[in-house]
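Visitor: Sequence first, then the predicted structure:
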Amino acid sequence: MSVLVTPRENVGSWSAAGNRQDCLDRQMYVNQCHVVNKMLRDAKASYYSSIISENSSDPKILFNTVNKLLHRRVDRCYPAAPSTIELTNSFAKFF
């Protein structure tokens, strides 16, 4: 794995066309992006693996972890009302 370099050092002037150094700078920047993205993937995999292994006997935490990984969200369904005031009043009347 290559040494991590700050993105500011790698950006350079790769947008200017026609210069060989610009192409090299851009390639260094792209390579560094790949390195950083791999590091992020590895860190996430390690994090979620540890959560799963530590909580193997707790189904609630396991299912919550799977839902986070799959980006699942519970849709909130509220009754239809023309305004929030009418909704709160009908709620108060119900209870």
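Guide: Here it is on my side, so go on.

Visitor: same for the longest helix anywhere in the chain, what does it pack against?
Guide: Longest helix of the chain, by residue count under DSSP state H: helix 20-54. Applying 3 or more Cβ pairs under 8 Å, 6 or more residues apart in numbering; DSSP states H and E, we find helix 20-54 packed against helix 7-11, helix 59-69. The way it works is simple: take the backbone N, C-alpha and C, and place the C-beta from them, glycine included.

Visitor: Identify each buried residue in it, please.
Guide: For helix 20-54, the neighbour count (16 or more other Cβ atoms under 10 Å) marks D25, R26, M28, Y29, Q32, I51 as buried.

Visitor: any idea of the pLDDT on the fifth one?
Guide: The confidence metric pLDDT takes the value 97 at Q32.

Visitor: Could you do the fourth one as well?
Guide: We note a pLDDT of 95 for Y29 in this prediction.

Visitor: any idea how far V35 is from it?
Guide: 11 Å (Cβ to Cβ, to the nearest Å).

Visitor: mean pLDDT lowest for which of the helices and strands packed on helix 20-54?
Guide: If you rank the helices and strands packed on helix 20-54 by mean pLDDT, helix 7-11 sits at the bottom with a mean of 56.

Visitor: Can you list phi and psi of P82 for me?
Guide: Torsion angles at P82 (phi, psi; degrees, to the nearest 10) stand at phi -70, psi -30.

Visitor: The chain should start at 730 in everything you say after this.
Guide: Happy to do that; since the first residue is 730 now, the last one works out to P811.

Visitor: so how many other residues sit close to it?
Guide: For P811, the neighbour count with other Cβ atoms under 10 Å is 7.
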